[in-house]
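Undergrad: Test case, fold it:
(chains A, B, C and D)
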2 protein chains.
Amino acid sequence: MCPAGRPKSFDQTAALEAAMAVFWAKGYEAASIAELVTAMGIGRQSLYDTFGDKRTLYLTALRHYGERAVASTLDVLTGPGEPIDRLRAVFDNWAEVQACPDCKGCFMAGALAQLDRNDAEVCALVDELQQSLIDAFAAAIAQAQSAQQLRDDIDPAELAVMLTAVGHGLALAGRAPSNATTVPAGVRATLALLGIPVPTH
Amino acid sequence: MCPAGRPKSFDQTAALEAAMAVFWAKGYEAASIAELVTAMGIGRQSLYDTFGDKRTLYLTALRHYGERAVASTLDVLTGPGEPIDRLRAVFDNWAEVQACPDCKGCFMAGALAQLDRNDAEVCALVDELQQSLIDAFAAAIAQAQSAQQLRDDIDPAELAVMLTAVGHGLALAGRAPSNATTVPAGVRATLALLGIPVPTH
DNA sequence: CCCGCTCTGGAATGATCGTTCCAGAGACAA
DNA sequence: TTGTCTCTGGAACGATCATTCCAGAGCGGG
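TA: Here you go, the predicted model:
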């Protein structure tokens, strides 16, 4: 029962995060095993032993992204505070992340952009992540509307779809060289359109 | 001077469009020369003779997309008719295109998603196309605002950035299996947010 | 007719890919 | 120490990749 022998010596999570960064920056096809091995700081054989093949590693990395980045956005949306403040916080955070010089966009948006519709597993995972985002947005929107903090002439579910689309679109813009100016502008316009006042900080 | 010999026998534009479709659907890396040759309906050697190597072909296809799809959107935005109607027409058209079952999203959005920031030529081309779209949007928005057809409390340039982001986001959503429901919902919310009445057709 | 251009497709090249096999070294339990 | 598991990295495999060379055939102008 008790496993004898040398124990695993590298941080599995750290390695996965390094792999995620490579896939994130270069996409699935363009990321080579050699690159992944170097970035993860482990041997090639350890990679195959621990994570299986390339596609499985990609899937695991995508799932990890969902449990980290997406989940943190979900936490903000469903967290404490006024609903309207939570919505604004999400966009402020996006603006900050997507406007930095070496921004890589959004991993999920990238996965969506090169989605192979024949790959059922990836499709299902992406769909699940996206749906959870939309649901969280819709809930926060509905709360903000009942609290009279947001115009209530728009269906929360449809507005939620539209706001995630904005997020993905800004994530694409974040990959372009001009991201430092475009992304904040897009966020400002979005908040203005929603009637969310921008604090003078 | 006058060139003797067998004349080129295939339609160069049609071949380019077929290549564009392949790149569009699968992305740059995943599209192989064999696939391109088959789709274009020409011999392998003819491809290299006419279009150069793979990257050049990709660049040409992207440029062609700019001269076709992007330009047609530009025509709508700068065309005749009330400014507000032109804006609505663009989104209606997007909704229709992105909601069809075998939708491939937007070629430029795909190019953006897997953009290699070290490739100056592709970056420049993408940036040019995107900028022309933003400018056309901004002009139409400004016109609609002066004509009192659109709320004028938002900067046209920033709103234009945001609307192209929506377009790209919807193009990503268009690649997902659930596009038939999400895309129209997103468009409806966008038009509602802008205060553009949806005709009951 | 023949020359110059095009077309096509098989064959070969060299590179890179993902993946597996293997041998040696390291680390812990019994 | 011995055994068992892990680590690493070299070597090899087969597949696929983009690209080039080449030989044969098609077509039009001189």
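Undergrad: all helices for chain A, in order.
TA: Under the criterion DSSP state H, helices of chain A are mapped to A:12-26, A:33-40, A:44-51, A:54-65, A:71-78, A:83-98, A:107-113, A:120-146, A:156-173, A:179-194.
Undergrad: export these to JSON lines and tack on distance to B:A120, mean neighbour count and mean pLDDT?
TA: Heads up, the C-betas are built off the backbone N, CA and C, glycines and all. Formatted as JSON lines, those follow (distance: least, C-beta to C-beta, whole Å; neighbours: other C-beta atoms under 10 Å in any protein chain shown; pLDDT from 0 to 100):
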{"stretch": "helix A:12-26", "distance to B:A120": "17", "mean neighbour count": "18", "mean pLDDT": "96"}
{"stretch": "helix A:33-40", "distance to B:A120": "22", "mean neighbour count": "17", "mean pLDDT": "96"}
{"stretch": "helix A:44-51", "distance to B:A120": "33", "mean neighbour count": "15", "mean pLDDT": "95"}
{"stretch": "helix A:54-65", "distance to B:A120": "28", "mean neighbour count": "19", "mean pLDDT": "97"}
{"stretch": "helix A:71-78", "distance to B:A120": "33", "mean neighbour count": "16", "mean pLDDT": "96"}
{"stretch": "helix A:83-98", "distance to B:A120": "22", "mean neighbour count": "19", "mean pLDDT": "95"}
{"stretch": "helix A:107-113", "distance to B:A120": "21", "mean neighbour count": "26", "mean pLDDT": "95"}
{"stretch": "helix A:120-146", "distance to B:A120": "31", "mean neighbour count": "18", "mean pLDDT": "96"}
{"stretch": "helix A:156-173", "distance to B:A120": "18", "mean neighbour count": "27", "mean pLDDT": "97"}
{"stretch": "helix A:179-194", "distance to B:A120": "16", "mean neighbour count": "22", "mean pLDDT": "96"}
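Undergrad: Would you mind writing the CA trace of stretch A:158-166 as CSV?
TA: What follows is stretch A:158-166, C-alpha atoms only, in CSV (Å, rounded to 0.1, in the frame of the first residue of the first chain):
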residue,chain,number,x,y,z
GLU,A,158,-28.9,38.5,-22.9
LEU,A,159,-26.9,41.3,-21.4
ALA,A,160,-24.7,38.7,-19.7
VAL,A,161,-24.0,37.1,-23.1
MET,A,162,-23.1,40.5,-24.5
LEU,A,163,-20.8,41.4,-21.6
THR,A,164,-18.8,38.1,-21.9
ALA,A,165,-18.5,38.9,-25.6
VAL,A,166,-17.1,42.3,-24.7
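Undergrad: got the helices of chain A as TSV, with distance to B:L129 columns?
TA: Converted to TSV, the helices of chain A look like this (distance: least, C-beta to C-beta, whole Å):
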stretch	distance to B:L129
helix A:12-26	22
helix A:33-40	30
helix A:44-51	38
helix A:54-65	29
helix A:71-78	30
helix A:83-98	20
helix A:107-113	16
helix A:120-146	26
helix A:156-173	13
helix A:179-194	14
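Undergrad: out of those helices, which comes closest to DNA strand D?
TA: For DNA strand D, the closest of the helices of chain A is helix A:44-51, at 3.3 Å, according to C-beta to the nearest atom of the strand.
Undergrad: now what about the closest one, what contacts it?
TA: Residues outside helix A:44-51 that contact it (C-beta atoms under 8 Å, 6 or more residues apart in numbering or on different chains) are A:8, A:10, A:12, A:15-16, A:19, A:33, A:36-37, A:40, A:42, A:57, A:60.
Undergrad: and the angle from it to helix A:12-26?
TA: Relative orientation of helix A:44-51 and helix A:12-26, computed by axes from the mean of the first three to the mean of the last three C-alpha atoms, to 10 degrees: 100 degrees.
Undergrad: Between helix A:33-40 and helix A:44-51, find me the angle.
TA: 80 degrees.
Undergrad: Helix A:44-51 and DNA strand D in contact?
TA: Yes - remark: helix A:44-51 sits within contact range of DNA strand D at A:R44, A:Q45, A:S46, A:D49, A:T50, by C-beta under 7 Å from any atom of the strand.
Undergrad: Go back to those residues and keep what's next to DNA strand C.
TA: A:R44, A:Q45.
Undergrad: which one of the contacts of helix A:44-51 is nearest B:A113?
TA: A:A19 (19.0 Å; C-beta to C-beta).
Undergrad: Would you enumerate the residues in contact with A:E158?
TA: Residues near A:E158 by C-beta under 8 Å, 6+ apart: B:A185, B:G186, B:R188, B:A189, B:A192.
Undergrad: do that again at 7 Å, thanks
TA: Counting by C-beta atoms under 7 Å, 6 or more residues apart in numbering or on different chains, A:E158 touches B:A185, B:R188, B:A189.
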